[in-house]
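A.B. asks: Fold the following for me, if possible:
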Amino acid sequence: MMLRYLLFCLLAFSLTDSGGAQHLSRIHSSQTAEGPVLEFLDGEFALADGLGSRATGWKRAASPNIVRIRDTDWKTGDFHTMVGRFRFDRSALGAEPLALYTVSTRNQFTVKVNGREVGRNFARPTDQVLAWYRPYLIPLPAGSLVPGINEIEIEVTSQDTVGIGRIIVGPNSDPGQLQHPVFWQITAPMAASFAMLILGMLAFLFWLGRREEVELAWLSLSTLLWFLRNYQYFAEVTPFQIEIFNAITVYATYFASVATAAFYFCFTKLPRRNAIILLLFLLGVPLVVAHSWFAASNLVFYIPTTLLIFGVASLALIDVYRHRDIEHGAIGLAMLMAPIFSLYDVTLANGHRGWDGNGFYLAVFGGFQYTVSFLISFGKRALDAFAELANANVTLEQRIAETRAELEASEAARQQLVVSHALAGERERLMQEMHDGIGSNLITALAVARQQKQPVSTIKTLNRALADLKITVDSLEPVEGDIVALIGNLRHRMAGDLRDAGVICKWEAEKCRTLPWLDAANALHVLRIFQEAIGNVLSHSSATEMRIGCHEQSHSGVEGIAAYVADNGHGFDASGELPGKGLANISARARSLHGLLHTESEPGRGTTITLWLPYQRST
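C.D. replies: Below you'll find the model as predicted:
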């Protein structure tokens with residue numbers, strides 16, 4: 001008997017309520033770490049006109065259930081009420097404390113559980129709450145729920161679009177699983193809008209000091225208009241009548257877009273921009289008249305606004321392609337993003353179920369984005385100006401330093417010229433003494449030796465001494481680092497010896513740069529090396545032909561000059577021990593020049609001795 005009584009009571013409870021609801025609502029259940037979560041997919045809904053009127057005409061419908069004012073004959077400012085009932089089994093949820101989450105429920109609403117009020121978002125029924133974009137989390141008191149079937153009733157009142165958005169019930173201890181990302185819906189739009197407004201005020205202050213940059217004035221005006229347009233995203237209560245608030249939101253969308261276009265036209269120096277800007281603002285007048293006096297749809301503003309932002313985006317695309325710098329690129333990218341944001345928002349708002357709280361709008365960030373992009377551009381200008389000023393100071397200091405250095409260099413050059421003249425005079429005196437003294441004596445001794453028919457060895461010794469003296473005198477001649485002239489003089493000196501020996505000499509010197517380190521001492525080393533190489537040709541090779549030349553050549557990545565003496569004599573085996581001490585001596589001289597000496601020879605194929613010298617050396 002007791003079991004039958006309990007079954008009867010449960011059946012009676014399930015069949016009795018004020019609206020006649022008899023079925024559980026369809027739900028979508030999901031499991032979280034804190035417990036199960038239910039989202040209602042349908043419910044029973046009824047409508048009523050005015051405040052305090054009893055809702056009638058209950059119908060089961062999908063949830064969310066939004067009745068947009070544009071789809072009815074209602075007037076903005078008149079009160080309309082929607083009541084929704086949702087039934088669920090308490091056993092489908094865990095034993096932990098529960099909370100109700102809702103988003104896109106418009107606008108003032110009261111939440112009741114089993115006929116008991118548990119929460120509301122307004123103080124007075126006449127409060128003009130904007131809840132269409134704001135999520136709410138309402139804790140459900142433990143005593144409000146009963147075992148078995150429970151009913152949630154939400155009564156919503158609005159002076160515009162009315163509706164009940166997403167309804168979710170789950171653990172109160174885990175709101176992160178229930179709440180929509182409030183940051184992107186409320187916090188971020190509010191922060192972006194206020195930051196944009198502050199940046200616009202800064203742009204206005206800059207414009208007061210730089211009146212010629214008109215784009216700063218348009219930027220500041222556009223930020224104010226965008227703030228008015230975006231206020232709907234984070235305002236919880238309208239500051240004045242809903243009709244005026246909605247009108248300002250719609251009008252600000254168009255005029256903010258015009259102010260943004262005006263800014264961009266001035267920034268890009270568009271021809272006839274003032275006439276175009278004036279025409280766009282004047283076009284807004286008949287649009288306002290059509291919307292306010294003749295109750296035209298919001299489309300009268302949204303269509304020209306859309307055309308305008310696409311036109312500005314097209315101009316931005318061309319401008320970015322032409323300039324390709326950070327200033328035009330940053331702002332152009334912001335203008336190109338505007339139509340993308342608009343298309344996304346239109347798609348979101350006009351989906352198959354409308355916007356039900358599952359996403360967030362992007363256009364709210366458009367004004368902030370382009371404001372920041374301009375500040376990047378403006379900051380680039382400022383940094384460039386500061387850099388130019390700093391560069392001017394540096395340039396001035398450099399010019400002073402250069403002038404001072406030029407004066408010092410001029411004085412040093414003058415002193416160097418004095419020293420050079422003294423050295424040249426002393427060198428000339430030494431050369432004259434050597435020529436008139438030692439040279440004259442050697443020539444006389446050689447003539448006497450030949451007249452007296454002295455031994456051949458004596459005559460050769462005197463010839464070598466005379467040749468050494470000539471080479472020494474040649475090394476004292478100023479060659480200014482020109483190795484081609486140096487070895488050319490040597491070739492000329494030894495032309496007679498070569499002719500007497502029957503050796504034909506070919507000159508193969510190419511044009512080479514000068515060696516800055518080639519002074520008299522180093523020139524003597526070079527001449528001794530070539531003297532030894534030519535002497536070996538005459539004395540040991542039995543050659544009939546000899547080539548002397550030089551060309552530029554790199555060694556291990558270092559640029560330099562390769563000078564060589566080559567003959568067609570009998571040659572020798574260069575892989576073994578080098579014959580005599582002459583090659584070893586000139587190798588030592590090459591090392592003292594920071595150069596390299598390479599000997600290439602094969603029996604019967606002649607010999608080539610190459611001296612490589614670097615253009616630059618450390619010492």
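A.B. asks: Can you list the low-confidence ranges for the stretch 501-619 of the chain?
C.D. replies: 576-581, 619 (pLDDT under 70).
A.B. asks: Also the chain?
C.D. replies: For the chain (pLDDT under 70), the answer is 1-22, 173-181, 350-358, 417-453, 456-479, 576-581, 619.
A.B. asks: Looking at it, which helix is longest?
C.D. replies: Assignment by DSSP state H gives helix 366-433 as the longest helix of the chain.
A.B. asks: Give me the helices and strands touching that one, please.
C.D. replies: Helix 366-433 sits against helix 188-209, helix 214-234, helix 242-267, helix 326-349, helix 456-476, with contacts defined as 3 or more CB pairs under 8 Å, 6 or more residues apart in numbering; DSSP states H and E. In short, each C-beta sits where N, CA and C put it, glycine included.
A.B. asks: I'd like the distance between the one residue sitting closest to the centre of the chain and residue 377.
C.D. replies: Central residue of the chain (CA atoms, centre = their mean): residue 326, 8.7 Å from the mean position. Residue 326 sits 7 Å away from residue 377, going by CB to CB, to the nearest Å.
A.B. asks: All the strands of the stretch 1-150 of the chain, residue numbers only.
C.D. replies: Taking DSSP state E, counting those that start in this stretch as the criterion, the stretch 1-150 of the chain contains strands spanning 27-31, 36-40, 42-49, 56-62, 65-67, 80-89, 98-103, 108-113, 116-120, 136-140, 149-158.
A.B. asks: so of the ones you listed, which one's packed in deepest?
C.D. replies: Greatest average neighbour count among those goes to strand 98-103 (a mean of 24), per mean count of other CB atoms under 10 Å.
A.B. asks: Only alpha carbons, please: show that strand as PDB.
C.D. replies: The C-alpha trace of strand 98-103 is given here as PDB (Å, rounded to 0.1, in the frame of the first residue of the first chain):
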ATOM      1  CA  LEU A  98      24.300  23.900  -8.100                       C
ATOM      2  CA  ALA A  99      24.200  27.100 -10.100                       C
ATOM      3  CA  LEU A 100      22.200  28.200 -13.200                       C
ATOM      4  CA  TYR A 101      24.100  29.800 -16.000                       C
ATOM      5  CA  THR A 102      22.400  31.900 -18.700                       C
ATOM      6  CA  VAL A 103      23.600  34.100 -21.500                       C
END
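A.B. asks: Show me what that strand is packed up against.
C.D. replies: strand 108-113, strand 136-140, strand 166-171, helix 175-178.
A.B. asks: downstream neighbour of the last one in the secondary structure list?
C.D. replies: It refers to helix 175-178. Using DSSP states H and E, the helix or strand that follows helix 175-178 in sequence is helix 182.
A.B. asks: residue contacts, the residue nearest to residue 148 when sequence neighbours are not counted?
C.D. replies: Distance criterion CB to CB, 6 or more residues apart in numbering; nearest residue to residue 148, sequence neighbours excluded, is residue 90 at 6.1 Å. Listed by CB atoms under 8 Å, 6 or more residues apart in numbering, the contact partners of residue 90 are 145-150.
A.B. asks: can you redo those as a markdown table with distance to residue 43?
C.D. replies: Converted to a markdown table, the contacts of residue 90 look like this (distance: CB to CB, whole Å):
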| residue | distance to residue 43 |
| --- | --- |
| 145 | 17 |
| 146 | 19 |
| 147 | 21 |
| 148 | 18 |
| 149 | 14 |
| 150 | 13 |
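A.B. asks: Tell me the one of those residues nearest residue 186?
C.D. replies: Nearest to residue 186 out of the contacts of residue 90 is residue 145 (CB to CB; 28.9 Å).
A.B. asks: Isn't that closest one up against residue 98?
C.D. replies: Yes. The pair residue 145 / residue 98 is scored as a contact, 7.1 Å apart, by CB atoms under 8 Å.
A.B. asks: Which of the helices or strands spans residue 308?
C.D. replies: Assigned by DSSP H and E, residue 308 falls in helix 299-323.
A.B. asks: any idea how far residue 59 lies from residue 307?
C.D. replies: Counting by CB to CB, the gap from residue 59 to residue 307 is 40 Å.
A.B. asks: Residue 484 now?
C.D. replies: Residue 484 is 77 Å from residue 307, by CB to CB.
A.B. asks: Give the residue from those two that has the larger number of neighbours.
C.D. replies: residue 484 (19 against 11; other CB atoms under 10 Å).
A.B. asks: Now do the phi/psi pair for the nearest residue to the more buried one once chain neighbours are set aside.
C.D. replies: Spatial nearest neighbour of residue 484, excluding adjacent residues (CB to CB, 6+ apart): residue 509 at 5.0 Å. Note on residue 509: backbone dihedrals following degrees, to the nearest 10 are phi -80, psi 130.
A.B. asks: Assess the claim that residue 509 and residue 488 are in contact.
C.D. replies: Yes. Contact criterion CB under 8 Å: residue 509 and residue 488 qualify, at 6.9 Å.
A.B. asks: rewinding a little: can you spell out which helices and strands pack onto the helix holding residue 308?
C.D. replies: When contacts are defined as 3+ CB pairs under 8 Å, 6+ apart, helix 299-323 packs onto helix 242-267, helix 273-292, helix 326-349.
A.B. asks: Could I get the CA-only coordinates of the last one as PDB?
C.D. replies: I take that to be helix 326-349. Output in PDB follows, covering the C-alpha atoms of helix 326-349 (Å, rounded to 0.1, in the frame of the first residue of the first chain):
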ATOM      1  CA  ILE A 326      55.400  49.800 -41.500                       C
ATOM      2  CA  GLU A 327      53.400  53.000 -41.300                       C
ATOM      3  CA  HIS A 328      51.000  52.400 -44.200                       C
ATOM      4  CA  GLY A 329      51.200  48.600 -43.600                       C
ATOM      5  CA  ALA A 330      49.900  48.700 -40.000                       C
ATOM      6  CA  ILE A 331      47.000  51.100 -40.700                       C
ATOM      7  CA  GLY A 332      46.200  49.400 -44.000                       C
ATOM      8  CA  LEU A 333      46.000  46.000 -42.300                       C
ATOM      9  CA  ALA A 334      43.600  47.400 -39.700                       C
ATOM     10  CA  MET A 335      41.400  48.800 -42.600                       C
ATOM     11  CA  LEU A 336      41.500  45.400 -44.300                       C
ATOM     12  CA  MET A 337      40.400  43.600 -41.200                       C
ATOM     13  CA  ALA A 338      37.300  45.800 -40.800                       C
ATOM     14  CA  PRO A 339      35.200  44.100 -43.500                       C
ATOM     15  CA  ILE A 340      36.400  40.700 -42.300                       C
ATOM     16  CA  PHE A 341      35.200  41.500 -38.800                       C
ATOM     17  CA  SER A 342      31.900  42.700 -40.200                       C
ATOM     18  CA  LEU A 343      31.300  39.600 -42.200                       C
ATOM     19  CA  TYR A 344      32.100  37.400 -39.200                       C
ATOM     20  CA  ASP A 345      29.700  39.400 -37.000                       C
ATOM     21  CA  VAL A 346      26.900  39.300 -39.600                       C
ATOM     22  CA  THR A 347      27.300  35.500 -39.900                       C
ATOM     23  CA  LEU A 348      27.300  35.100 -36.100                       C
ATOM     24  CA  ALA A 349      24.200  37.300 -35.600                       C
END
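A.B. asks: Pretty sure the residue nearest to the centre of the chain sits against residue 379.
C.D. replies: No. Using CB under 8 Å, residue 326 is not in contact with residue 379, being 10.0 Å away.
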